[in-house]
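[1] take this sequence and fold it.
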Amino acid sequence: MAGVCNPEEYVPAEVFEKVKAASASVATPALFMSVPLVESAYQELCSGFPYARVFYAVKANPARQILEALARLGSCFDVASVYELDEVLSLPGVDGTRVSYGNTIKKARDVRYAYGKGVRMFASDSEADLRNIAKAAPGSRIYVRIITDGSESADWPLSRKFGCHPDMAMDLLILSRELGLEPYGISFHVGSQQRDIATWDATIAKVKVIFERLREEDGIRLKMINMGGGLPANYVSRTNSLDTYTAEITRFLKEDFPENDDFPEIIIEPGRSLVANAGVIVSEVVLVSRKSRFAIDRWVYTDVGLFNGLIECLDEAIKFPLWTPREAEEEEVVLAGPTCDSMDILYENFRYRLPLNLCAGDKLFFLSTGAYTASYASVCFNGFPPIETHFV
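    Numbers count the residues shown, from 1 in each chain. Here you go, the predicted structure:
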């Protein structure tokens, strides 16, 4: 259960004041982003992982201003489609050497297109995909994604659709050598908004076994570990500090891969942790109602819902901090979106407490919403347009 939050615990006061001022003349719902906060998060991450290359997960928020800022800072980019690829390649100074194709599900013609644009590093987790890469992108570097545990401690699990068993990963890397590709490394993703740091420890230990077995049994020396994403943003559910994450993950790596000439190249693919805290969605209350004269539950309908920005409220997975300028005694509510779809309920089991005097036309501010909001919004469900992004 959560009441109206203190915004300064989630976003600098000067940024929040800019959001409030800008939102006064903008139609809701709207996402407001701060590029300086993204830049600060990138620099903090680089300080925590000075030995790693950062490949920003473009899908988290592909806004041009964000991509340009990260490109200037030297970031590389992880893309999931040729459409994202075209966007990052249009950035000044960015070419295929700063791009990895991290989606394991891709058409052969898209692999060929990326190869033609200079991309030479591809993820895979299946034989069919690997053979497509061998034909369409000969000689490319391959990193195989393995299945990970930890879905129970990640707010947005990623353990079912992607990755393969470590034994299959070894088979695929051996096959990649036979197909003329370079068996380059292993990737994993411990789950988005992963709250259990120990999950990295267990997964890195699995990667170590793969490295050792391939070297000893097949003469393959892998060179890279792609640790994916999973670092947290600042939501209602508490996590450790980023410093704690970086220190512990570094310790896990050095325990399993002592620093020497064989210490692997490390790649990270942050998305949420770079952009989430830099965003605020401003919405408007559409309606407040009860279902009967004696109903205990008060329903608050807002003009942002699952289909136009808050899809990560699905199954109440991500719990965003919420603020409203209204001040009064608070009461538990059910929060729902505006569409004519019964699925469009944001929070019913996890209860937010909102002021009793909240009414139609009041503003609701969803904080830490810079990741997987605008990029997830539907094009025109019920005729509602995609949520617009503004910069402050």
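
[2] Lys18 and Arg141: what is the separation?
    Distance of Lys18 to Arg141, given as CB to CB, to the nearest Å: 43 Å. Any C-beta I mention is one placed from the backbone N, CA and C, and that applies to glycine too.

[3] I misspoke; the intended subject was Val275.
    Here the criterion is CB to CB. By it, Val275 lies 27 Å from Arg141.

[4] comparing the two, which residue is more hemmed in?
    With neighbours defined as other CB atoms under 10 Å, Val275 and Arg141 compare such that Val275 has more, 31 against 19.

[5] what's the helix or strand for that one?
    helix 272-275 (DSSP states H and E).

[6] and that helix, which residues are buried?
    Buried residues in helix 272-275, counted by 16 or more other CB atoms under 10 Å: Arg272, Ser273, Leu274, Val275.

[7] stretch 348-366 now?
    Arg351, Tyr352, Leu354, Pro355, Leu358, Asp362, Lys363, Leu364, Phe365, Phe366.

[8] using CSV, lay out these together with pLDDT, secondary structure and distance to Ala52.
    Rendered in CSV, the data for the buried residues of stretch 348-366 read as follows (pLDDT from 0 to 100; DSSP: H, G, I helix; E, B strand; the rest coil; distance: CB to CB, whole Å):
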residue, pLDDT, secondary structure, distance to Ala52
Arg351, 93, strand, 40
Tyr352, 95, strand, 37
Leu354, 96, strand, 41
Pro355, 95, strand, 44
Leu358, 96, coil, 45
Asp362, 97, coil, 44
Lys363, 97, strand, 40
Leu364, 98, strand, 37
Phe365, 98, strand, 34
Phe366, 98, strand, 31
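
[9] how about the helices in the stretch 1-150 of the chain?
    13-23, 35-48, 64-72, 82-89, 108-116, 127-136 (DSSP state H, counting those that start in this stretch).

[10] out of those, the one nearest Leu253 is which?
    In terms of CB to CB, the element of these nearest to Leu253 is helix 35-48, at 12.5 Å.

[11] low pLDDT regions in this structure?
    1, 150-152, 156, 158-159, 261 (pLDDT under 70).

[12] show me it divided up by domain.
    7-31+276-391, 35-274 (the TED database).

[13] TSV for the helices of the stretch 1-150 of the chain, including distance to Ala57 and mean neighbour count?
    Below are these laid out as TSV (distance: least, CB to CB, whole Å; neighbours: other CB atoms under 10 Å):
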stretch	distance to Ala57	mean neighbour count
helix 13-23	23	16
helix 35-48	12	17
helix 64-72	11	17
helix 82-89	10	18
helix 108-116	16	17
helix 127-136	19	18
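
[14] so for Asp341, which of those helices sits nearest?
    Closest among those, using CB to CB: helix 13-23, at 26.0 Å.

[15] kindly export the closest one (C-alpha atoms) in PDB.
    Presented in PDB, the C-alpha positions along helix 13-23 are these (Å, rounded to 0.1, in the frame of the first residue of the first chain):
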ATOM      1  CA  ALA A  13      13.200  19.500  -6.800                       C
ATOM      2  CA  GLU A  14      14.300  21.900  -9.600                       C
ATOM      3  CA  VAL A  15      13.400  19.300 -12.200                       C
ATOM      4  CA  PHE A  16      10.000  18.600 -10.700                       C
ATOM      5  CA  GLU A  17       9.200  22.300 -10.600                       C
ATOM      6  CA  LYS A  18      10.000  22.500 -14.300                       C
ATOM      7  CA  VAL A  19       7.700  19.500 -15.000                       C
ATOM      8  CA  LYS A  20       4.900  21.200 -13.000                       C
ATOM      9  CA  ALA A  21       5.300  24.500 -14.800                       C
ATOM     10  CA  ALA A  22       5.600  22.900 -18.300                       C
ATOM     11  CA  SER A  23       2.600  20.600 -17.700                       C
END
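
[16] for Val236, see how far away the closest residue to Glu332 other than its chain neighbours is.
    Closest residue to Glu332 apart from its sequence neighbours, by CB to CB, 6 or more residues apart in numbering: Arg351 at 4.2 Å. Arg351 sits 12 Å away from Val236, going by CB to CB.

[17] overlap in contacts, those two.
    The contact sets of Arg351 and Val236 overlap at Ala2 (CB atoms under 8 Å, 6 or more residues apart in numbering).

[18] determine the longest helix present in this structure.
    Scanning the chain for the longest helix, with DSSP state H as the assignment, gives helix 198-218.
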